[in-house]
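1. I'd like to go over a predicted model; first the sequence, then the structure.
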Amino acid sequence: KAGVTQTPRYLIKTRGQQVTLSCSPISGHRSVSWYQQTPGQGLQFLFEYFSETQRNKGNFPGRFSGRQFSNSRSEMNVSTLELGDSALYLCASSSGLAGGITDTQYFGPGTRLTVL
Amino acid sequence: DAKTTQPTSMDCAEGRAANLPCNHSTISGNEYVYWYRQIHSQGPQYIIHGLKNNETNEMASLIITEDRKSSTLILPHATLRDTAVYYCIVRVEGETGANNLFFGTGTRLTVIP
């Protein structure tokens, strides 16, 4: 089974621009979560989407948004980029189901965003 | 919020067992212990998880104390490729919205030739 894929792998933007990152989950997985990793803050949860709806949200400003499509693929958008948005952005997929089922998250390779 | 405590770093000789401890003294009855590792600048890799029984898979073993307040991840024969940051995470299962994993700072394991 193919793993989680993220595109692009590397991206360079300038301050004030916006960026869209893409994540394709493992086949059959309906939950996609996004994380930001920086040297100073470590790995931090951004949000989770399940069945095209945001189900959970971390403590990030509204410049960070996302969406999920009917095929479970997800995109994350950051508007008005700041220097501090330079980070590794990771997405993880899982079945998203509850009810006594262990719902392990599997991570993609990440997108390295550099803001100049 | 940090629910786990791990040593900042550890060394292990190649070929020896690597034992990585984790304290989770406030763990609830419905929280599982998960272990991930992250090799430099790659996405975290799932290793193993457990509730109260010891678990083993092709990568590692997980030993959970009877009171569930601590656990140890064991890599039986460490290789240079096991050099990574190892994260111990507790999370609730069986509930929606439990996918906001808190990673903490983890343990940087260095396998020495």
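-> Looks like it arrived, so ask away. Residues are numbered from 1 along each chain as shown, chains lettered A, B, ... in the order given.
2. so what's A:Gly3 up against?
-> The contact partners of A:Gly3, taken as C-beta atoms under 8 Å, 6 or more residues apart in numbering or on different chains, are A:26, A:106, A:108. For glycine as for every other residue, the C-beta is placed from the backbone atoms N, C-alpha and C.
3. helices or strands next to the helix or strand bottoming out on mean pLDDT in chain B in the packing?
-> The weakest-scoring helix or strand in chain B, judged by mean pLDDT, DSSP states H and E, is strand B:84-92 (a mean of 92). If you count contacts as 3 or more C-beta pairs under 8 Å, 6 or more residues apart in numbering or on different chains; DSSP states H and E, strand B:84-92 packs onto strand B:18-23, strand B:31-38, strand B:70-75, strand B:107-112.
4. CSV please, covering those and showing distance to chain A.
-> Below are the helices and strands packed on strand B:84-92 laid out as CSV (distance: least, C-beta to the nearest C-beta, whole Å):
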stretch, distance to chain A
strand B:18-23, 16
strand B:31-38, 7
strand B:70-75, 16
strand B:107-112, 12
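5. Please identify the deepest-packed of these.
-> strand B:31-38 (a mean of 22; mean count of other C-beta atoms under 10 Å in any protein chain shown).
6. and the gap between the most centrally placed residue in chain A and B:Ser61?
-> Chain A has A:Trp34 as the residue nearest its centroid, 2.8 Å off, counting by C-alpha atoms, centre = their mean. For A:Trp34, the distance to B:Ser61 equals 31 Å [C-beta to C-beta, to the nearest Å].
7. Any regions of the chain where pLDDT drops low?
-> As the question left the chain open, I've gone with chain A. Where chain A drops to pLDDT under 70, the residues are A:1, A:98-102.
8. My question was about chain B, not that one.
-> Those would be B:1-2, B:93-98, if you go by pLDDT under 70 across chain B.
9. from the middle of its chain, how far away would the helix or strand harbouring B:Ile63 be?
-> For B:Ile63, the host element (DSSP states H and E) is strand B:61-64. Averaging C-alpha positions (C-alpha atoms, centre = their mean, to the nearest Å) puts strand B:61-64 9 Å from its chain's average.
10. Return the list of helices and strands in contact with it.
-> Counting by 3+ C-beta pairs under 8 Å, 6+ apart, strand B:61-64 packs on strand B:31-38, strand B:45-50, strand B:55-56, strand B:70-75.
11. correct me, but B:Ser9 touches B:Thr105?
-> No: applying C-beta atoms under 8 Å, one finds B:Ser9 not in contact with B:Thr105, separated by 10.2 Å.
12. more crowded one of these two?
-> For B:Ser9 versus B:Thr105, neighbours defined as other C-beta atoms under 10 Å in any protein chain shown are more numerous around B:Thr105 (15 against 11).
13. thought the more buried one was touching B:Thr5?
-> No: contact status for B:Thr105 versus B:Thr5: not in contact, 9.7 Å apart, counting by C-beta under 8 Å.
14. Now list whatever residues contact both of those two.
-> Between them, B:Thr105 and B:Thr5 share no contacting residue, judged by C-beta under 8 Å, 6+ apart.
15. which neighbours does the strand holding B:Ile63 have in its sheet, and in what orientation?
-> Paired with strand B:61-64 in the same sheet, following DSSP bridges, are strand B:55-56 (antiparallel), strand B:70-75 (antiparallel).
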